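Trainee: Model the following, please.
(one chain, ligands or ions: 1)
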Amino acid sequence: MTDATRTASLEEIDLSNPDAFVERVPHEWFEILRREDPVHFNPEPDGPGFWAVTRYWDIREVHRRWDVYSSEIGGTSLEDLEPDQIEARKSMIDLDPPRHNEIRALIKGKFTPKSVRGWEDQVRQVAREVIEGALPKSEFDFVREISSEIPMRVFADILGVPQEERRYIIEIGDHLLGNQDPEFARPPERPEHRLLPFSSPAALELFRIGRALAAERRRNPKDDIITQMAFGGLTPREYDVNFVLLATAGNETTRHTITHGLLALIENPDQLERLRRDPSLYPSAAEEMLRWATPVHHFRRTTTRETELAGTKIPAGAKVTTWFTSGNRDEAVFENPNTFDVGRNPNRHMTFGPGGVHFCLGAHLARMEVRVTFEELIPRLRSVELAGKVDRLRSNFFNGIKRMPVRVEAA
Ligand code: HEM
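Mentor: Predicted coordinates:
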């Protein structure tokens, strides 16, 4: 925490500024907002400004009332898009019921706890291979070697992406989602790129991979997600944008959770010891890593009419952002919210959203991946420490870590 954020007044808080998230998450700002102005109007330098909702129960209310707080009118990101851009890019996350529910229903059966249990052995195998491949290097970038590799391989297996395109998919995802960070941002090269997800030509590459997979499944149907989507009556555009959603939603988010999870264990050696001594804590440790990391800081909705939230009037057509980062440290819900506690119970974090129709479809899969990764990693480590600077993503949307050099001694 910098001194500037420690002593911030409401006027100084600016959640629209990605620079405020580079050194670390400005948790002090969120504490002030929860206490002093829980439905806060944040002006924007190049936009109409947005309302920032920072208390746990208020965030839940926004996500439950999709008829008042629409995902469809203005999309779910802070950026203001033209109506044709919103229309062209709408995946299920940017739709309201009923169309949202129809598309989600096509594939939701593949993400139930039962389906996910069926993948656990495969995920464990992937985690073992990746970890055993990295540890002999002794000093390496944990993000490149382990935390980006596991979710990407798992999801490529599940979607059936060919081996040789897997690393490429990660790189495309980085360009798409890290679009506030100068390292990853690619400006639209042609005017028609405005209509692509994230206005990025990199999306065209994902479309190509997705279409090739769909064509293959149309010839050889399987009992899998792509087949469900290929035969699900989606328009070609709906297929493209939902493929991009699936290919990107689980990669960075799970990666950042795993990276933050290890960082939290390095910074809290007592918790690492506790986990080593009591392996029954892996499930609660994974939940605490999810709360601690909160890889997605916020989502956005647009009001369909004038409304009132926690006593504050919000006009129709307003941008409303819900800050999971803040809800996950709301002292009204979590005891000692700023303590990383691998045995935390209960832990009703909102890392996958606070419930409602858009609750993360991949939540069970992500939970299992995080738990299995640490179940496989920790027993193989005699020691682990940072070997350089933790390099964070410049973004007020993702709580991302780009690089985390570590030094390890294998057990
Ligand atoms: C730690 C990892 C993950 C985090 C933090 C995360 C977070 C989220 C959040 C916050 C939402 C929006 C919830 C809302 O608006 O109420 C969401 C939606 C979604 N997530 Fe995840 N997610 C993760 C992993 C995954 C994985 C592995 C998949 C696999 C495909 C996935 C697929 C989706 C989809 C398809 C949606 C849109 C659901 C809808 O609109 O109905 N996510 N996720």
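
Trainee: Show me what the helix or strand hosting I131 is packed up against.
Mentor: Under the criterion of DSSP states H and E, I131 resides in helix 113-134. Here helix 113-134 touches helix 149-159, helix 363-377, going by 3 or more C-beta pairs under 8 Å, 6 or more residues apart in numbering; DSSP states H and E. No exception for glycine: its C-beta is placed from N, CA and C like everyone else's.

Trainee: Spit out the contact partners of the residue in the stretch 201-350 of the chain that the ligand sits nearest to.
Mentor: Nearest residue of the stretch 201-350 of the chain to the ligand: G250, at 2.5 Å (C-beta to the nearest ligand atom). Listed by C-beta atoms under 8 Å, 6 or more residues apart in numbering, the contact set of G250 reads P151, F155, G362, L365, A366.

Trainee: doesn't F111 make contact with the third one?
Mentor: Yes. When contacts are counted by C-beta atoms under 8 Å, G362 is listed as touching F111 (6.1 Å).

Trainee: So which bits of the stretch 101-250 of the chain are right by the ligand?
Mentor: R104, L245, L246, A249, G250 (C-beta under 6 Å from any ligand atom).

Trainee: Among the residues you listed, which pair sits farthest apart?
Mentor: Across those, the longest distance by C-beta to C-beta is 15.1 Å; it joins R104 and G250.

Trainee: In this structure, what residue comes closest to the ligand?
Mentor: Counting by C-beta to the nearest ligand atom, the chain gets nearest the ligand through G362, at 2.0 Å.

Trainee: Not counting sequence-adjacent ones, nearest residue to that residue?
Mentor: Nearest residue to G362, sequence neighbours excluded (C-beta to C-beta, 6 or more residues apart in numbering): G250, at 4.7 Å.

Trainee: Backbone dihedrals for that neighbour, please?
Mentor: Dihedral pair for G250: phi -100, psi -10, per degrees, to the nearest 10.

Trainee: Run through the residues that contact the residue nearest the centre of the chain.
Mentor: Closest residue to the average C-alpha location of the chain: T253 at 3.5 Å, with C-alpha atoms, centre = their mean. Residues counted as contacts of T253 (C-beta under 8 Å, 6+ apart) are P295, V296, A366, F398.

Trainee: before we move on, the earlier item: buried among the contacts of G250? Make that a PyMOL selection.
Mentor: Per 16 or more other C-beta atoms under 10 Å, the buried members of the contacts of G250 correspond to this PyMOL selection:
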select buried, resi 151+155+362+365+366
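
Trainee: For the stretch 301-411 of the chain, what lies in contact range of the ligand?
Mentor: T351, F352, G353, G356, H358, F359, C360, L361, G362, L365, A366.

Trainee: swap the cut-off to 8 Å and go again
Mentor: With C-beta under 8 Å from any ligand atom as the criterion, the stretch 301-411 of the chain comes near the ligand at residues 322, 324, 350-363, 365-367, 369-370.

Trainee: Among the residues you listed, filter down to the buried ones and hand me the ChimeraX syntax, if you would.
Mentor: Filtering these down to the buried ones (16+ other C-beta under 10 Å) takes a single ChimeraX command:
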select :322,324,350,351,352,353,354,356,357,358,360,361,362,363,365,366,367,369,370
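
Trainee: gap between the residue lying farthest from the centre of the chain and R104?
Mentor: Here the chain reaches farthest from its C-alpha mean at R219, the gap being 33.3 Å by C-alpha atoms, centre = their mean. According to C-beta to C-beta, to the nearest Å, R219 stands 26 Å off from R104.

Trainee: I'd like the next helix or strand past the least confident helix or strand in the chain by mean pLDDT.
Mentor: Every helix and strand of the chain was ranked by mean pLDDT, DSSP states H and E. The lowest is helix 3-6, at a mean of 45. Moving toward the C-terminus from helix 3-6, the next helix or strand (DSSP H and E) is helix 27-36.

Trainee: buried residues in that next one?
Mentor: E28, W29, F30, E31, I32, L33, R34.

Trainee: neighbours around the nearest residue to the fourth one once chain neighbours are set aside, how many?
Mentor: In space, and not counting its chain neighbours, E31 is closest to R329: 7.7 Å by C-beta to C-beta, 6+ apart. The tally of other residues near R329 (other C-beta atoms under 10 Å) stands at 24.

Trainee: So R329 sits against N338, correct?
Mentor: Yes. Judged on C-beta under 8 Å, R329 makes contact with N338 at a distance of 6.5 Å.

Trainee: List the residues that contact the residue nearest to P182 when sequence neighbours are not counted.
Mentor: Nearest in space to P182, with sequence neighbours left out and distances taken as C-beta to C-beta, 6+ apart, is R394 at 7.2 Å. Taking C-beta under 8 Å, 6+ apart, we find R394 in contact with P18, D19, F21, V22, Q180, D181, P182.

Trainee: what's the answer for L159, then?
Mentor: L213, D224, I225, I226, L246, A247.

Trainee: Mind listing the residues bridging to S70?
Mentor: S70 forms beta bridges with T302, as assigned by DSSP bridges.

Trainee: can you pull the contacts of it?
Mentor: Here S70 is in contact with D96, R301, T302, T303, T304 (C-beta under 8 Å, 6+ apart).

Trainee: how about 10 Å then?
Mentor: S70 makes contact with T76, D94, L95, D96, R301, T302, T303, T304, R305, G317, V320 under the criterion C-beta atoms under 10 Å, 6 or more residues apart in numbering.

Trainee: re the thing from before, any idea how far I401 is from the residue nearest to the centre of the chain?
Mentor: Taken as C-beta to C-beta, the span from T253 to I401 is 12 Å.

Trainee: Give the intersection of the neighbour lists for the two.
Mentor: A293, P295.

Trainee: List the buried residues in stretch 305-313.
Mentor: Here stretch 305-313 shows T307, L309 as buried, counting by 16+ other C-beta under 10 Å.
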